[in-house]
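Q: just coords:
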């Protein structure tokens, strides 16, 4: 659309235009597979305004990219919220939130990469940090807090466990995007196993202690296996 053809916006429509700018920038980022070729002029052309109109809402390209990333995290938060609706068990809720995190990343690879790339030296976006804290971190923290209230985790460990859950979801999503040939399953089985291992393994550490001797841990695990084996399994072992 030619910028000269856009009609003058009515008074009070600045928020609408800002939203159009963010959407246009997001679309261009996806189309160009990154922001190297996305300029203020290109965004203005997509929206149908002149470049100075963009600067009325965003100081520069970096500020616009920050707004795009903040919007990504808002949408991620919605996806995690939707995934945990009507799930009473906090452990299962945390698992589904983690899987929603991975699915959202896989569905939006370009924006995911841009949102999590290293910040420019000398500055970081408070806007992006604040919105991110309101999405993944806040939801994982709520789940882990509930589990701590149940006695599954120690309240003093909540912050560390949240970071570990987040790192697990983020790490598996990043690997699935950058190394798709490793044999990932479409049903996210590996991601689910990893998230379960983090939660259940952390609960186990609460019983055994964070610096448990490995030989003792092996013995404890063997005892648990013996307890869950079926009678037929035990007969096979005796033979």
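A: Nice, thanks for sending it over. Computed from a prediction, not measured in an experiment: that's the story for all the values here.

Q: does residue 34 sit in a helix, a strand or a coil?
A: Under DSSP: H, G, I helix; E, B strand; the rest coil, the three-state class of residue 34 is coil.

Q: how about the nearest residue to it, chain neighbours excluded?
A: Taking Cβ to Cβ, 6 or more residues apart in numbering, and ignoring the residues beside it in sequence, residue 34 has residue 110 as its nearest neighbour in space, at 6.6 Å. (Each C-beta comes from the backbone N, C-alpha and C, glycine too.)

Q: how close does the residue lying closest to residue 116 once chain neighbours are set aside sit to residue 81?
A: Spatial nearest neighbour of residue 116, excluding adjacent residues (Cβ to Cβ, 6+ apart): residue 170 at 7.3 Å. Between residue 170 and residue 81 the computed distance is 18 Å (Cβ to Cβ, to the nearest Å).

Q: what ranges do the strands span in this protein?
A: Secondary structure of the chain, counting by DSSP state E: no strands present.

Q: if we can go back for a sec, which of residue 170 and residue 81 has more neighbours?
A: Higher neighbour count among residue 170 and residue 81: residue 170, with 17 against 13, using other Cβ atoms under 10 Å.

Q: tell me who's in contact with that one.
A: For residue 170, the contacting residues are 101, 105, 116, by Cβ atoms under 8 Å, 6 or more residues apart in numbering.

Q: rerun at 10 Å
A: The neighbours of residue 170, taking Cβ atoms under 10 Å, 6 or more residues apart in numbering as the test, are 98, 101, 102, 105, 112, 116, 136.

Q: if we can go back for a sec, go ahead and confirm the residue nearest to residue 34 touches residue 35.
A: Yes - between residue 110 and residue 35 there is a contact under Cβ atoms under 10 Å: 9.1 Å.
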